[in-house]
Structures are given as structure tokens and as C-alpha cells.
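1. output the structure for:
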Amino acid sequence: MTAAENVCYTLINVPMDSEPPSEISLKNDLEKGDVKLKTEALKKVIIMILNGEKLPGLLMTIIRFVLPLQDHTIKKLLLVFWEIVPKTTPDGRLLQEMILVCDAYRKDLQHPNEFIRGSTLRFLCKLKEAELLEPLMPAIRACLEHRHSYVRRNAVLAIYTIYRNFEHLIPDAPELIHDFLVNEKDASCKRNAFMMLIHADQDRALDYLSTCIDQVQTFGDILQLVIVELIYKVCHANPSERARFIRCIYNLLQSSSPAVKYEAAGTLVTLSSAPTAIKAAAQCYIDLIIKESDNNVKLIVLDRLVELKEHPSHERVLQDLVMDILRVLSTPDLEVRKKTLQLALDLVSSRNVEELVIVLKKEVIKTNNVTEHEDTDKYRQLLVRTLHSCSVRFPDMAANVIPVLMEFLSDNNEAAAADVLEFVREAIQRFDNLRPLIVEKMLEVFHAIKSVKIYRGALWILGEYCSTKEDIQSVMTEVRRSLGEIPIVESEIKKEAGELKPEEEVSVGPAQKLVTEMGTYATQSALSSSRPAKKEEERPPLRGFLLDGDFFVAASLATTLTKIALRYVSLVQEKKKQNSFIAEAMLLMATILHLGKSSLPKKPITDDDVDRISLCLKVLSECSPLMNDIFNKECRQSLSHMLSAKLEEEKLSQKKESEKRNVTVQPDDPISFMQLTAKNEMSSKEDQFQLSLLAAMGNTQRKEAADPLASKLNKVTQLTGFSDPVYAEAYVHVNQYDIVLDVLVVNQTSDTLQNCTLELATLGDLKLVEKPSPLTLAPHDFANIKANVKVASTENGIIFGNIVYDVSGAASDRNCVVLSDIHIDIMDYIQPASCTDAEFRQMWAEFEWENKVTVNTNIIDLNEYLQHILKSTNMKCLTPEKALSGYCGFMAANLYARSIFGEDALANVSIEKPIHLGPDAPVTGHIRIRAKSQGMALSLGDKINLSQKKTSL
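-> I've put the predicted structure just below:
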């Protein structure tokens with residue numbers, strides 16, 4: 001049995017740069033040195049034994065010269081020494097010297113110092129030799145009555161481990177501990193005693209709990225947690241006990257400890273599905289979220305609420321608590337708010353939608369008064385989207401929401417204003433009764449809009465939905481007000497020339513003379529420096545956009561003017577008024593065209609915009625019925641088609657969600673009645689305490705074991721060749737931010753290999769947590785070495801290294817075997833995610849790293865290639881299925897994924913089928929990847945390159 005396989009509970013960091021001391025010098029220090037020297041020598045002995053050295057000659061020296069010392073540090077080190085030192089002869093019998101050690105520990109168990117007593121009891125928990133423990137039993141029992149709680153609680157632990165391992169040494173342990181528990185006052189001692197009874201004799205634990213069930217609330221939180229665990233286990237193993245203990249769980253929901261409340265709420269939900277129980281648990285969760293300051297805790301507890309909501313019968317109970325859930329919005333963290341709003345939106349119903357909208361409106365108004373902060377804008381966007389969804393699902397609410405939201409069209413934050421605009425566009429199309437209200441409100445805020453993008457959208461809405469003569473004239477007035485004095489070119493030139501006259505009258509100071517570097521005179525006007533700033537201040541918004549060279553808004557304005565002019569003609573019968581209105585519209589377009597062609601704007605007008613404005617002028621000059629239909633009917637129909645397609649898609653995704661949640665029972669499925677279920681069948685249910693422990697240790701059982709290709713063997717990497725003196729292979733286990741390398745090392749030689757060390761180094765954003773400790777390998781022996789690696793970001797990492805060892809008895813230098821590289825796959829960190837088109841476009845513009853991958857594949861079908869890429873990169877296709885359906889020889893799709901570190905990865909697939917090369921020609925095109933970090937973009941590109949070609953199975 002190698003040193004690596006021995007059971008050891010103590011981990012010691014070993015500095016490897018020092019030379020191992022000789023046995024003679026250690027013996028000398030242990031015999032003749034002072035306390036300090038003995039301490040150092042003992043440490044060296046412990047490290048050497050951990051490294052596989054036997055050192056049998058030092059055992060008697062330590063017993064004679066070190067064991068009698070009363071120094072606390074030495075006593076603590078001796079506990080570690082006795083834990084790791086071999087205590088038996090090769091044939092398995094106990095060493096004679098251990099009797100002396102046993103006597104020393106019997107004295108320590110009666111020592112007046114409580115620390116020595118307690119630490120000795122802790123050490124006895126680790127002993128696996130019954131012959132050593134037998135003489136100590138009376139002293140251990142006596143420690144249960146010690147005055148100090150530290151000794152008593154460790155005595156309970158010692159009795160528990162001895163009873164579990166060697167029941168014959170203390171057969172009456174449960175009875176002894178039960179009597180101890182009844183009379184004990186200290187919380188930690190009670191907790192340990194109760195814990196032992198749960199595992200050793202559950203009936204006694206239940207008897208004790210029954211006697212003090214009314215005082216449970218007064219117990220310490222550590223004992224309350226153990227009580228919750230006991231009740232959970234008992235009620236799951238024996239459902240008839242529920243009625244007896246459920247009241248106790250209700251009481252524990254009022255505990256002062258957040259941990260107890262959380263566990264009690266989780267247990268209550270598993271024990272009872274009655275509405276009162278679910279409501280009490282949910283209320284407890286909400287209180288925890290509000291009172292706990294740690295955002296991680298808030299997110300974890302919110303997840304529990306989301307899990308509750310997934311159950312159809314629990315959802316109705318949670319709907320009554322929506323207003324309580326919304327109290328969580330007082331948390332400043334955006335992630336918590338996002339999750340809360342999503343949960344509230346999922347729970348909204350016709351009963352509570354009104355109250356929800358009132359709260360959200362107040363929150364929106366609050367964001368307006370807060371000093372500008374990055375998250376405030378994002379939070380406002382979240383609120384707008386939530387209100388949007390509420391109004392679409394409950395049309396009656398739209399009338400209350402729209403006036404408040406439309407104030408934000410003039411907001412400086414374009415993203416929030418764009419969300420409002422999208423909402424308004426959908427509302428005005430869907431709800432005919434709200435059109436007058438929306439148009440009126442839009443005209444009110446129109447002049448205050450600051451962003452050109454929002455301005456264009458507002459123009460489109462006004463042009464499309466103004467249906468009365470008064471509204472059309474109001475739009476024209478607003479446009480004239482926003483454009484300023486016309487014709488623009490003449491008024492701008494006049495302004496430049498005209499501004500000088502009043503200035504000259506005021507300041508008749510002489511023009512200042514300056515001397516240039518070359519010695520010549522230069523003159524400077526005293527008026528030129530102040531004029532541009534003044535001109536900037538007085539500019540109306542639309543005029544400002546045009547002078548900045550943004551003529552796309554002019555094309556949008558031309559379309560709007562054409563629509564309202566054509567509608568005005570159909571509404572007003574008087575020819576004179578008709579002509580006057582059309583002439584005004586044409587004048588505005590003509591003056592904008594003139595401005596575009598002049599040198600006044602910062603950028604000249606583009607040809608596309610000239611064509612659009614010219615087309616609108618032509619339409620207005622002819623006023624044909626066909627054009628009237630196209631401008632005033634077809635546009636609206638296109639919007640209607642788009643919105644209905646979007647709604648259909650949302651309904652489809654909701655249907656899929658609800659199908660997932662509804663557990664369908666097949667006709668021939670057996671029905672299980674709880675009362676008739678055998679105990680052993682009941683216990684096969686998942687134990688939530690066991691599951692949470694596994695999750696904390698990173699050992700969550702994934703459902704991949706069913707697929708033989710995805711089993712552990714698939715992740716084993718061979719590190720050395722079969723003919724190398726040391727054979728090594730590694731199993732790479734990726735668990736979120738950690739990678740655990742489990743390396744099997746086999747000594748293939750007939751020599752003993754000493755100080756066999758695995759030396760690793762990393763490339764990329766990987767960090768080795770600890771250096772694996774050296775081993776001694778017997779001939780043809782093997783051992784497992786574990787190494788932990790931390791991951792900091794999403795990129796392909798490489799782990800490389802070698803195995804270094806000494807051959808026992810050989811005088812040569814250290815031997816070295818170089819290992820193959822281990823490549824860490826980026827796919828372990830990437831998860832599919834979704835975002836809106838606007839967010840995608842914004843990120844596409846912001847991310848500076850782009851990687852362009854040329855399509856090189858043997859797949860001949862466009863859709864098949866896209867599905868293959870999605871599968872091999874873990875990305876999600878944002879382009880709706882309807883847009884990708886059908887066949888037209890080319891395809892463009894947007895893909896999106898997010899890493900577990902919160903990094904975004906975007907991809908745009910542009911592929912086509914070269915028809916001229918025949919039906920069997922492979923797909924061609926490009927994939928462009930964008931990411932914030934270079935590593936992410938390059939790693940994803942490499943992954944696509946590697947997996948492009950479909951392997952024939």
C-alpha cells in the first residue's frame with residue numbers, strides 16, 4: 001500500500017526547495033535539542049513520512065524524548081505524527097511501542113488543560129486501531145462530564161466515531177448520549193449529540209425532539225439546522241410522521257437565523273403542497289431576499305422562488321404574492337432586479353396586473369430623478385420592456401402606461417427611448433381606441449426629442465396614424481417649428497451676414513492686429529469667436545440634424561409629409577386648401593434638397609436620400625390613387641404582418657415552456673400511492689441535503705452517463721507513451737471555474753521511483769492552484785495525483801508539463817518524462833443565450849475583436865450546415881425560424897452565446913449554395929465572430945474551423 005493510499009486527514013504544504021535532512025541529524029535534534037529545535041525536527045519528520053519515508057528508527061526516540069514534553073505546539077505536532085506514522089507491523093499486528101503512546105494519551109485525556117483534552121479527543125476520531133482505543137474508553141466517557149464545553153463537544157464526536165467504527169467498544173453509546181443531551185445546556189454540545197443520535201439511533205433522536213418540540217424556537221441556530229435535516233429525512237422515509245413535525249417546521253420559519261429559515265422553507269415545500277405551506281415558504285423566501293445584503297444570497301433565494309413557480313399548482317399561490325416580490329426591486333443590483341421583474345411578469349394575472357403596473361410606473365418615475373448611473377439606464381429599459389409585455393397581454397392597462405412612458409421619448413438615453421418607441425408603435429397599431437391619446441401625447445413631446453433615431457421613429461408614427469384634419473395640421477406645425485425658418489439655405493446665409501450688423505453697432509472696436517511667426521501682420525475679427533456657439537444654441541432640433549449632415553431623417557420626413565398630404569387631400573374637399581397643403585409639403589422637401597446640395601451641412605446629402613425625396617416630390621405632384629394605396633395602406637399592413645409574426649413566435653415559445661412544465665403521464669404509467677409505497681422505494685427519492693452537498697463539492701451527477709460517448713472515458717487524455725518508464729493519463733473534469741486533473745501515474749520499471757513529482761505549467765488564463773506533492777512508487781505500482789486549475793476567462797487553454805523522479809539507489813541525475821499537452825475546450829464554458837436585435841447590433845458595434853472564418857465544408861445543405869455549427873459551438877440562433885425557412889440559395893443568421901464568466905460571443909453566418917456548380921456543390925461563405933476579448937474570438941474561430949466538416953459515421 002503506497003503512502004498516497006493511506007487515509008490521512010491532514011494536508012501540509014511542503015516547500016520543495018530544501019534538501020531532505022538525514023535520519024542521524026534528526027535523531028540528534030530530537031534527543032539533545034531544546035524545545036524549538038525539537039519542534040523543527042518533528043516538522044521535518046512529519047514531512048518526510050508524508051513523502052513516503054518510513055523512518056522506523058525514530059519512533060522510540062520520539063516516545064522517549066518528545067512525548068513527555070508539556071509544550072502545546074509539540075503536543076499538537078505529535079497528534080499529526082501519530083496520525084500518519086505506521087502503527088502496525090507488516091503482518092498487521094500492533095507495534096509494541098504503541099502501548100506507551102496509548103498510556104501517554106490516557107494521561108492527556110485527564111490533563112487539567114481543556115485545549116489538550118479537546119484536541120486529543122479530536123485526534124482519537126481519526127484512529128482506526130481498536131486495540132489502541134480500548135484502554136482509553138473510561139477516560140473518554142469521563143470527558144463527557146468535564147466543566148468546559150470544548151472538551152464535552154469533542155468527547156461526543158469521539159464517542160460517535162468510535163461507535164460507528166467499533167460498536168463493541170461502547171455498545172451503550174446512543175443511550176449515554178441521549179442522557180447527556182437531556183441534561184446539556186451548551187448549544188454546540190447539544191448539536192453534536194443530536195447529530196450523533198440522528199445517525200446512530202434515529203428513534204432516540206425523535207423521542208428527544210418530541211419532548212422539546214415546543215422549545216425548538218429557543219434553541220441555537222446550529223441545533224435548529226440539524227433538527228430541520230432530521231425532520232426532512234424522517235418525513236421522507238416515513239410519510240405518516242408528517243403531521244407530527246410539520247408544525248415544528250412552521251415555527252422554524254420564524255427563526256432569527258437566515259440559514260435556518262432558508263432550510264426550513266425548502267423542507268416545508270418538499271413535505272407539503274398545501275397552499276398555506278407554499279405561501280408561508282414563499283413569504284419566508286421573500287423576507288430573506290429583502291433582509292439579506294449579499295446579492296449572491298438574493299439570487300440563490302430568487303432561484304428557489306422561480307423553482308416554486310415552475311410547479312403549476314404553486315403558481316396560483318405565488319400570484320397572490322406578486323406585490324411582495326416587487327419589494328425586492330429596492331435592491332440596487334441590476335441582476336437581482338432583472339430576475340425579479342422576470343418572475344413578476346411570469347406570475348402576472350388579470351387579478352394583480354393593475355397593482356403591478358402602478359408599482360412599475362412609480363419605479364420608472366423614480367429612475368428619472370436618480371442621478372445618472374450606468375445601471376439606472378439599463379434598469380429603466382427593463383421596466384419599459386416589462387410594462388410593454390404587460391400591456392400586450394392585458395390591453396386595458398395600455399391607456400395607463402403610455403402617457404407615463406412617452407415622457408421618456410425625450411430622454412438622453414437612446415436605448416430606453418427606443419424601447420418606449422417600439423412599445424408605442426405596437427400599441428398604436430393594436431389598440432385603435434388609444435390612437436387619439438397616443439397621437440396627442442406624441443405631438444406634445446415631439447419638439448423635445450433629442451436623438452435623431454427616435455425622431456425618425458416618431459415622424460413615422462405621426463405620419464402613419466394622424467387621421468383627422470386637425471392632427472395633420474398639428475404635425476405640419478410641429479415639423480415647421482422643428483425645421484425653423486425656410487428656405488433654410490437663404491436664412492442660414494442671411495443669418496451669417498445679418499448677425500454681423502447688430503454686433504458691429506454694439507462693438508465698434510478696431511480689428512485686432514497680430515504678428516505671425518514670419519513677422520507679417522495678420523488681422524482677426526473680434527466677432528468670429530463667439531458667433532458659432534450662439535448659432536448652436538438657437539437651432540431647432542430638425543435643422544440641427546440636417547446641418548450636421550444627417551439626411552436620412554430628411555428622407556423619413558419626406559415620406560411622412562407625403563403620407564399626411566395624401567390623407568389631407570382625401571379629407572378636405574376644398575381645392576385651394578388641398579393645393580396649399582401639398583405646396584407647403586413640397587416646399588419643405590425642396591428646401592431640404594437645396595440644403596443638401598449646398599456647402600452648409602457638415603456632410604453632403606447621399607444619393608439614396610436625394611432619390612427618396614425626389615420620389616416623394618413626384619408622388620405629390622401627381623397624386624395617383626395607386627401611390628395613395630402604397631403610402632397609406634401597404635406600409636401599415638407590413639407592420640401588422642411583422643407584429644403578428646412576432647406575437648405568434650412569442651406564443652409558440654410560451655407553449656413550449658408550458659409543455660416543458662406540464663408533466664405528461666402516459667396511459668400505461670404506474671400510479672404510485674404514498675401510503676402504499678414501501679420504505680426502501682421512498683428513500684430512492686432524491687435527498688436534497690445530499691444533492692446540495694454534492695453540488696457544493698462540484699460532484700453533481702450530470703445526465704450524460706446514459707450516452708457512452710459522453711462518459712468519463714471520452715475525457716481521458718493520454719500524456720505519455722506505453723513504452724515510457726512512467727505511463728501517465730489524465731481525466732479532465734471541468735466544473736464551472738475549476739478544472740480538476742485526475743492523473744494516473746504507473747511505474748512501468750522494476751525500480752522504486754522516489755520523489756516522483758508531477759510538474760505542471762499553464763498557457764492562457766489558467767492558474768495552477770497548488771503544486772502536487774511528490775510520491776514514492778514501488779516497482780510496477782500506480783498512484784493517482786489530483787491537480788486543481790482555476791479558470792479566469794473563456795479562451796482555449798493549454799496545460800503542459802513533465803514527470804520528474806529519482807531511481808532508488810542510482811547515482812544518476814533526476815529523470816524526466818515530458819507529457820503531451822492537455823487542451824482545455826472552450827465549449828465547456830459557453831452556453832446558449834438570447835438577446836434582442838437592438839442589443840445584438842449594439843454589441844456588434846462595440847466589440848473590437850473580429851475573427852472572419854471562411855466556410856470550408858463538405859455539407860451541401862444550408863440549413864444542415866447552420867444546425868451543425870449551432871451544435872458544435874453551443875450558440876443559439878437569434879434569427880427566427882420563419883426567416884430561415886424556405887429555399888433561396890443563400891442564408892444569413894445571427895448567433896449568440898454567453899460564457900459562464902459573463903462574456904458575450906456574437907457570430908454572423910452568411911452562406912450560399914453555388915447553384916452553377918451543380919446540386920452536390922458544398923456550402924460556401926463566411927462566418928464573422930465578434931467578442932470583447934481576443935481569446936474568445938480566436939478560440940471560437942478555431943472551434944468552428946475544426947468542426948466545419950461533417951464526419952461520416
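
2. and the residue nearest to residue 326 when sequence neighbours are not counted, what pLDDT?
-> Closest residue in space to residue 326, ignoring its immediate chain neighbours: residue 359 at 5.0 Å, by CB to CB, 6 or more residues apart in numbering. Just so you know, the C-beta spots here come from the backbone N, C-alpha and C atoms, and that holds for glycine as well. Listed pLDDT for residue 359 reads 85.

3. residue contacts, residue 359?
-> Taking CB atoms under 8 Å, 6 or more residues apart in numbering, we find residue 359 in contact with 323, 326, 329.

4. dump these to CSV, plus pLDDT and neighbour count.
-> Listed next are these as CSV, based on pLDDT from 0 to 100; neighbours: other CB atoms under 10 Å:
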residue, pLDDT, neighbour count
323, 86, 13
326, 84, 20
329, 83, 20
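
5. narrow those residues to those in helices?
-> Taking DSSP state H, the ones among those that sit in helices are residue 323.

6. which one of the contacts of residue 359 is nearest residue 148?
-> Checking the contacts of residue 359 against residue 148 by CB to CB gives residue 329 as the nearest, at 49.6 Å.

7. how about the contacts of residue 359 in CSV, adding distance to residue 740?
-> Supplementary listing: those in CSV, determined by distance: CB to CB, whole Å:
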residue, distance to residue 740
323, 45
326, 42
329, 39
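
8. against residue 225, how distant is residue 255?
-> Look at residue 255 and residue 225: by CB to CB, to the nearest Å, they are 9 Å apart.

9. so the residue nearest to residue 326 sits in a helix?
-> Yes - in this structure, residue 359 lies within a helix as judged by DSSP: H, G, I helix; E, B strand; the rest coil.

10. distance-wise, check it relative to residue 341.
-> As defined by CB to CB, residue 359 lies at a distance of 11 Å from residue 341.

11. so who does residue 944 touch?
-> Applying CB under 8 Å, 6+ apart to residue 944 gives the contacts 853, 869, 872, 873, 927, 929.

12. which pLDDT value goes with residue 853?
-> Reported pLDDT at residue 853 in the predicted model: 90.

13. shouldn't residue 804 be in contact with residue 813?
-> No - with contact defined as CB atoms under 8 Å, residue 804 and residue 813 do not form a contacting pair (10.1 Å).

14. any weak-confidence spans in the stretch 651-800 of the chain?
-> Counting by pLDDT under 70, the stretch 651-800 of the chain shows low-confidence ranges at 651, 653-666, 668-712, 736, 793-794.

15. and the strands in it, which stretches?
-> With DSSP state E, counting those that start in this stretch as the definition, the stretch 651-800 of the chain shows strands at residue ranges 716-718, 726-735, 738-747, 753-763, 766-768, 775-777, 782-791, 797-807.

16. ok, how many other residues are close to the residue nearest to residue 778 when sequence neighbours are not counted?
-> Excluding the flanking residues, the one nearest residue 778 by CB to CB, 6+ apart is residue 752, at 5.8 Å. Using other CB atoms under 10 Å, residue 752 has 18 other residues around it.

17. same deal with residue 931?
-> Using other CB under 10 Å, residue 931 has 27 other residues around it.
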